[in-house]
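Colleague: Structure, please.
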Amino acid sequence: SSDGSFYANCGEATGHGLTAGTIVSITKSVLVSAPLGDPKDILLQLNKTLIKLKLGLNRMCVNMMKVKGKKVVFTSAGMPPAYHYIAKEGVMKEILIPGLPLGSFSKMIVNTTDITLNTGDVFVMMSDGFPEAPNPDGELLSYETVEKCLLDNIDKDVTTMQDELVRITDEWLAGGDLPDDCTMVILKKT
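Modeller: Down below sits the predicted model:
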């Protein structure tokens, strides 16, 4: 935007097929046309739009962050936790903002948290497709395994981090089908 900030989003529509695709298209339209500002206000506007369209039981889960310099405003509606690796401390923090998916209720509560990204810090948002990927025995990959993969590759570039997470997920599936979408956004402060 004109103030030097940028936004990053990671989302997932409930359901599959045409209905889910419609919700994603509506979400993209609202996000492109919404006035840039507080991520909380953007998600509240998106929620109002989804409620007005009366899309039945279909919902939109979204993580959104606004980044300006070192400052991040992060919000979430129905998404799994995000991860913030604090390089100075060598610690990965899980950031979970409780909330329902958008389109659930007309009077939604959307919370935000402020984060500071310093040099070497990493911020990861992802859908539940990675940690909930099942192996042939039906066991899930797990959030712990995903976090370990991120930590094992934290000193590498974001493309390598992404590729390694995809690789371990593929290995875990052992040729089986992935029942859910896998989406991720990884930012690394240089």
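Colleague: list the buried ones in the lowest-mean-pLDDT helix or strand in the chain?
Modeller: Taking mean pLDDT, DSSP states H and E as the measure, the helix or strand of the chain with the lowest value is helix 17-33, at a mean of 82. Neighbour counts using 16 or more other C-beta atoms under 10 Å place 20, 23, 26-27, 30-31 of helix 17-33 among the buried residues. For the C-beta atoms, the positions are set from N, CA and C on the backbone; glycine is no exception.
Colleague: Which neighbouring elements make contact with the helix or strand just after it?
Modeller: The helix or strand immediately downstream of helix 17-33 is helix 39-52, counting by DSSP states H and E. Where contact means 3 or more C-beta pairs under 8 Å, 6 or more residues apart in numbering; DSSP states H and E, helix 39-52 is packed against helix 17-33, strand 60-68, strand 71-77.
Colleague: Enumerate the beta-bridge partners assigned to the closest residue to residue 93 other than its chain neighbours.
Modeller: Distance criterion C-beta to C-beta, 6 or more residues apart in numbering; nearest residue to residue 93, sequence neighbours excluded, is residue 84 at 4.8 Å. Using DSSP bridges, the beta-bridge partners of residue 84 come out as residue 93, residue 123.
Colleague: Please renumber the chain so that the first residue is 20 from this point on.
Modeller: Got it, first residue is 20 now, which makes that one residue 103.
Colleague: okay, now residue 103: neighbour count?
Modeller: When neighbours are counted by other C-beta atoms under 10 Å, residue 103 registers 21.
Colleague: Is it in contact with residue 140, as I believe?
Modeller: Yes: in this structure, residue 103 is within contact of residue 140 by C-beta atoms under 8 Å, at 6.9 Å.
Colleague: Between those two, which contacts overlap?
Modeller: Counting by C-beta atoms under 8 Å, 6 or more residues apart in numbering, residue 103 and residue 140 have no shared contacts at all.
Colleague: just checking, residue 81 touches residue 27?
Modeller: No: when contacts are counted by C-beta under 8 Å, residue 81 is not listed as touching residue 27 (11.1 Å).
Colleague: That concludes my questions; thank you for your assistance.
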